[in-house]
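Undergrad: Kindly generate the corresponding structure for this input.
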Amino acid sequence: MLKANVETFLGCESELEAARIVIYGAPFDSTTSYRPGTRFASKVMRAESYGLETYSPYLDLDMEDASVFDSGDLELCFGDTELALGAIEERAAEILKEGKLPFMIGGEHLVTLGAMRAAVKKYPDLHIIHFDAHTDLREEYLGATLSHASVIRRCWDLVGDDRIWQFGIRSGMKEEFEWAKSHTHLFRFDLSHLPEAIAQLQGKPVYFTIDLDVMDPSVFPGTGTPEYGGVSFEELRKAAMAGCGLNIVGCDIVELSPHLDQSGASTAAALKLMREMLLKLEEPYIKKSELI
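TA: Coordinates of the predicted model:
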């Protein structure tokens, strides 16, 4: 029997009703200030994911045992940023209404704002963990308040003081670092202070956003705004596993620009991180099913 060709992320073949996590792509990079191309990340990641094993030797878990549904990419308006953010918010809200965890593949970092708008409506006590090379705390960039350079500032508009934890930050305007001292928990250069956040966020709803440029360009060159002095893949993987142990109600990985790394190594890093995050989020349910 011939069937339609439907490409999903590796191992994410559960039916929607049975899934606990729903993947969706947000191919948008209209406010990128340096090198565009993140709009292609979700499509390339799906295609390249089949070069990765479903089994994680780190977690001793297999994607074939996970319950993840891939809802595909949104069709986003590139001429109107608010329309694009509205479509992202609508998809995230639909997933949350079904009682499932939305996992977004960006896209530039501004796409996080659309997902956050949906999440904070369902979880007014929402907190944010943010891995990134950049502060993303500008009030505006070249006159635009909606920009990948201001996304975390716009998220602050939604959640307020002391709800945002930023790690790996090593680039930004002096004014952004000064502003953060009174409004966010910002830790420079690495992820070593993450245990402080985890201790304080136990039981609270958390949105987890990872800008992949938190990694050093020597290991992750495929991004629009590379910034030297970043973390290794293994440092990021371990920190992401710790973060995924919290009450995560939404998450994303953003800022892979595949064509900027013709070797494919950056895409491979993004894929492996995403597999590990999905499995860590699914871990309690997979192990429970093995005991039945």
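
Undergrad: Tell me which residues touch the closest residue to Ala240 other than its chain neighbours, please.
TA: Excluding its sequence neighbours, the residue lying closest to Ala240 (Cβ to Cβ, 6 or more residues apart in numbering) is Met277, at 5.6 Å. Just so you know, the C-beta spots here come from the backbone N, C-alpha and C atoms, and that holds for glycine as well. By Cβ atoms under 8 Å, 6 or more residues apart in numbering, the residues touching Met277 are 103, 240-241, 244, 251, 253.

Undergrad: can you tell me the helix or strand for Met277?
TA: helix 265-291 (DSSP states H and E).

Undergrad: tell me the phi and psi of Ala47?
TA: Dihedral pair for Ala47: phi -60, psi -40, per degrees, to the nearest 10.

Undergrad: For it, which non-adjacent residue is spatially closest?
TA: Glu7 (6.6 Å).

Undergrad: Pull out the buried residues from the helix holding Met277.
TA: The neighbour-count check on helix 265-291 (16 or more other Cβ atoms under 10 Å) flags 266-283, 286 as buried.

Undergrad: was I right about Val254 contacting Phe103?
TA: No: at 11.8 Å, Val254 and Phe103 do not qualify as touching, with contact defined as Cβ atoms under 8 Å.

Undergrad: quick one: terminal-to-terminal distance for stretch 138-155?
TA: One end of stretch 138-155 sits 11 Å from the other (Cα to Cα, to the nearest Å).

Undergrad: ok, residues contacting it?
TA: 31-33, 81-82, 85, 108-110, 112-113, 116, 128, 130, 132, 134-137, 164, 166, 173, 176, 184.

Undergrad: Mind giving me the PyMOL command for buried ones among those residues?
TA: Entered in PyMOL, the line below selects the buried ones among the contacts of stretch 138-155, by 16+ other Cβ under 10 Å:
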select buried, resi 31+32+81+85+108+109+110+112+113+116+128+130+132+134+135+136+137+164+166+176+184
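
Undergrad: returning to that earlier point: from the contacts of Met277, which is closest to Tyr123?
TA: Cys251 (13.2 Å; Cβ to Cβ).

Undergrad: What segments of the protein are strands?
TA: 21-26, 55-56, 61-62, 68-73, 101-106, 127-131, 164-169, 185-188, 206-211, 248-254 (DSSP state E).

Undergrad: gap between the third one and the chain center?
TA: So the one you mean is strand 61-62. 21 Å (Cα atoms, centre = their mean, to the nearest Å).

Undergrad: same deal with the first one?
TA: What separates the centre of strand 21-26 from the centre of its chain is 10 Å, taken as Cα atoms, centre = their mean.
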